[in-house]
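**Student:** I need the structure of the sequence given here:
(2 chains, ligands or ions: 3)
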Amino acid sequence: MPKNEKICIIGNGGAAVEAVKALRENQYEGEIHLVSDSAQPAYNPMLTTYYVSGKIEFEAMFPYGCNMDLYEQYDVTLHLGSPVAGLDTKTKAVSTASGAVYPYDKCLVATGASPFLPPIEGMDRERVYTMRTVEDAQKLKEALEKKPGKALVIGASMVGIKVVELLYDAGAEVCLADMAPYLFPLAAHQECACVIENRLTDKGIRLRFGAGIEKILEADGKLSGYFSDGKPPEEADLIAVCIGVRPNLGFIDREQIEIDRGILVDDHMRTSDPDVYAAGDVAQGMNLLTGKKQIIGLWPNARYQGRTAGRNMAGAEDVYSGAIPHNITHFIHMVFSGFGDLTSGTRTETEERNGGYVQRAWNGSNLVGVNMLDSSCAQIGIIKSAVEKGLQTGTPAEFEQLCSTKLRDKLLLEHFKRA
Amino acid sequence: MSKAIYFDIDRCIGCFACQSACKQENDLAPHTLEEALSQTAPIWRRVMEVEQGDYGQETVSYISLSCMHCADAPCVIACPTGALSRDKESGRVVVNESKCIGCKMCLQACPFGIPQYGKDDLMQKCNLCLDRLQDGEAEPACVASCPAKALRYGDTAELSKKEQTKVAARLVLATGNKYSAGI
Ligand SMILES: Cc1cc2nc3c(=O)[nH]c(=O)nc-3n(C[C@H](O)[C@H](O)[C@H](O)COP(=O)(O)OP(=O)(O)OC[C@H]3O[C@@H](n4cnc5c(N)ncnc54)[C@H](O)[C@@H]3O)c2cc1C
Ligand code: SF4
Ligand code: SF4
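**Tutor:** Ligands and ions are numbered 1, 2, ... in the order given. I've put the predicted structure just below:
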């Protein structure tokens, strides 16, 4: 590849950094321009709650180091504090809000996602928080120093539960609300959700499900969240909104690059424009379980996608066939893990033993979703990998192999076969 | 020089010496059956029983399993903090406990169920006897303890591909399609 080649990477998260590393590790010698709105080194959004709760130091939110050494090592030209406002595939240039223009031969969009705020009254109030960026974390941490008595968390999501945990640990009286009728509506089966809900209630965490937030008012120093069920509002000193994220793609011209919910990418992370790639929370790649393209907003997925994009941009052919949605979360002395979609099965089964809990959803003889609690989570990696590998290679793991501890042995054999 | 532990299923007699040697070497607390079942006591190397054949005529084999120190390790990619890394030179995948936050992302990523968590909730696993080898010993404790020479420690380049395939094929044959896992 010619040395005067220019690659422009937009964003500076896990996806962007993996692309940088893959470019240089695959002998790309041209220029790498990295344009990002924030001025910090790459941080990991999933570490924000750990910082707010005091479990990690500020510096630890930056997994690649809390300095610019990495960018120096990989010879990256940084344009930080410059939000991108336009990407033109005709002139092959990226432009920033302040008017700077960076031409590219190849471009990677890795701008991640931002918390979604519903368009209702009161979302812009001072004590309404979101959880994604380093700034979000700093603001919430400051708010905790004022020892909020009552807190309302809207969104029983994976992010929501981590925020509940840190507020609970900080001694606040917490209410968790969601429009869905139960906890983790995207990841859990109602039955498994119910087991967790009971434990949360036992800890004194109040749950208010089945009604959407309609407005947030403020009077006498108290915030009040009004819900669609018409019941009395929820009073709070602090409200956190964790109802999901939207990809940051406002600067993309839909006429030039194909977008559904996110930027549509193939298994090379290429968009509909051959010189533009996308990776991470902004990209809509393959969900192996459904065979449909879906944004899978996970840290490992962002890194794999970024790496694949980087390799391909460097001319080293690489394919990332997709992932399956999965989660593991550790909160208030519990562990929940799962993958797939528990509502898409024709049949579910539940198993409780040795202080664990497993629920599986089957579609015929195909496993389409799993929920696990506590000690049962020890098996999650084995099962998830079996299903994922099976889908990637077109040889779905069979019912018999997935049902019990037999699986562990089966997998072991698979590994040796491939060795 | 990248080194690894190789396992030969034909030689393993299921004596659990490697599992005990590993516990002793790495100061892992002994575990009760209950702890083993609920996976609350860390085990870095585990011996499992594998059955083959029909009822009444089954043969039993054993597999000794520990971290594979994967070349493109899924746990390293999944780790949000950089606590897990692979040392290119030695081929070791190691945990930096001071960076671990106990989030268990690695557990969800590992295809072999290897990551273990102690009472401190931090991840721990086989490090190919880092300290022991630095102290001048020639082999990891499990390899040294194996009376049947089923575990071998060697240069990854040294063991030929052919030999590896042969070992693997025998493993598959010996275990057939009926399995049971002992702990
Ligand atoms: C609280 C929380 C908990 C989470 N927990 C988990 C978990 O347990 N497991 C898991 O796998 N994942 C989890 N995630 C998700 C995970 O953090 C993300 O999927 C992953 O970090 C996405 O990486 P990315 O590089 O795509 O995006 P990001 O890390 O968001 O990076 C995007 C980058 O683009 C920049 N940018 C945005 N817009 C522009 C613009 N217009 N111009 C220039 N730059 C721009 C941003 O500043 C940032 O640098 C969690 C996320 C949160 C918030
Ligand atoms: S912990 Fe698992 S994924 Fe990580 S290197 Fe070991 S075997 Fe591979
Ligand atoms: S538990 Fe520790 S080692 Fe494992 S992924 Fe989380 S931080 Fe990394």
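**Student:** A:Leu183 touches A:Arg208, doesn't it?
**Tutor:** No: look at A:Leu183 against A:Arg208 with C-beta atoms under 8 Å: they stay out of range, at 11.5 Å. Using the backbone N, CA and C atoms, a C-beta is placed for each residue, glycine as well.
**Student:** Which neighbours do these two have in common?
**Tutor:** Contact criterion C-beta atoms under 8 Å, 6 or more residues apart in numbering or on different chains; residues shared by A:Leu183 and A:Arg208: A:Leu176.
**Student:** between these two, who's got more neighbours?
**Tutor:** A:Leu183 (24 against 18; other C-beta atoms under 10 Å in any protein chain shown).
**Student:** Who are the contact partners of the more buried one?
**Tutor:** A:Leu183 touches A:156, A:161, A:176, A:193, A:196-197, A:200, A:207, A:209, counting by C-beta under 8 Å, 6+ apart.
**Student:** got it, and A:Asn248?
**Tutor:** Neighbours of A:Asn248 in contact, by C-beta under 8 Å, 6+ apart: A:11, A:111-114, A:282.
**Student:** Angles on the backbone of it, please.
**Tutor:** A:Asn248 adopts backbone torsions of phi -90, psi 90, taken as degrees, to the nearest 10.
**Student:** One more: A:Glu191?
**Tutor:** Dihedral pair for A:Glu191: phi -60, psi -50, per degrees, to the nearest 10.
**Student:** same thing with the one 4 residues further on?
**Tutor:** Dihedral angles of A:Val195 (phi, psi; degrees, to the nearest 10) stand at phi -60, psi -40.
**Student:** Check the one 4 residues further on too.
**Tutor:** For A:Arg199, the backbone dihedrals (degrees, to the nearest 10) come out as phi -70, psi -40.
**Student:** wouldn't it be in contact with A:Met334 here?
**Tutor:** Yes: contact criterion C-beta under 8 Å: A:Arg199 and A:Met334 qualify, at 6.4 Å.
**Student:** quick one: contacts for the spatially most central residue of chain B?
**Tutor:** Against the mean C-alpha coordinate of chain B, by C-alpha atoms, centre = their mean, the closest residue is B:Ser66 at 0.5 Å. The contact partners of B:Ser66, taken as C-beta under 8 Å, 6+ apart, are B:5, B:22, B:44-46, B:114, B:125-126, B:142.
**Student:** PyMOL command for the buried members of those residues?
**Tutor:** In PyMOL syntax, the buried subset of the contacts of B:Ser66 is picked out as below (16 or more other C-beta atoms under 10 Å in any protein chain shown):
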select buried, chain B and resi 5+22+44+45+46+114+125+126+142
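**Student:** got the contacts of B:Ser66 as CSV, with secondary structure and distance to ligand 3 columns?
**Tutor:** As requested, these are exported to CSV (DSSP: H, G, I helix; E, B strand; the rest coil; distance: C-beta to the nearest ligand atom, whole Å):
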residue, secondary structure, distance to ligand 3
B:Ile5, strand, 21
B:Cys22, helix, 19
B:Trp44, coil, 14
B:Arg45, coil, 19
B:Arg46, strand, 18
B:Ile114, coil, 11
B:Lys125, coil, 9
B:Cys126, coil, 14
B:Cys142, helix, 22
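**Student:** where are the low-confidence patches of chain B?
**Tutor:** Applying pLDDT under 70 to chain B flags the ranges B:33-34, B:36-40, B:52-54, B:158-183.
**Student:** repeat for the stretch 201-350 of chain A
**Tutor:** Those would be none, if you go by pLDDT under 70 across the stretch 201-350 of chain A.
**Student:** Point out the residues in it that sit beside chain B.
**Tutor:** Residues of the stretch 201-350 of chain A lying close to chain B (C-beta under 8 Å from any C-beta of the partner chain) are A:299-300, A:303-304, A:326-328, A:330, A:335, A:337.
**Student:** and the residue in chain A positioned nearest to ligand 2, how many neighbours does it have?
**Tutor:** Across chain A, the shortest distance to ligand 2 (C-beta to the nearest ligand atom) belongs to A:Gly381, at 7.4 Å. A:Gly381: 28 surrounding residues under other C-beta under 10 Å.
**Student:** how about it, phi and psi?
**Tutor:** The phi/psi pair for A:Gly381 (degrees, to the nearest 10) reads phi -60, psi -40.
**Student:** tally of neighbours for A:Val134?
**Tutor:** Applying other C-beta under 10 Å, we find 18 residues neighbouring A:Val134.
**Student:** close enough to count as contact, it and A:Tyr43?
**Tutor:** Yes: at 5.4 Å, A:Val134 counts as touching A:Tyr43 under the criterion of C-beta under 8 Å.
**Student:** and for these two, which residues touch both?
**Tutor:** Common neighbours of A:Val134 and A:Tyr43 (C-beta under 8 Å, 6+ apart) are A:Met61.
**Student:** before we move on, the earlier item: in a markdown table, list the contacts of B:Ser66 along with distance to A:Val276.
**Tutor:** Supplementary listing: these in a markdown table, determined by distance: C-beta to C-beta, whole Å:
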| residue | distance to A:Val276 |
| --- | --- |
| B:Ile5 | 45 |
| B:Cys22 | 50 |
| B:Trp44 | 46 |
| B:Arg45 | 48 |
| B:Arg46 | 47 |
| B:Ile114 | 39 |
| B:Lys125 | 40 |
| B:Cys126 | 43 |
| B:Cys142 | 50 |
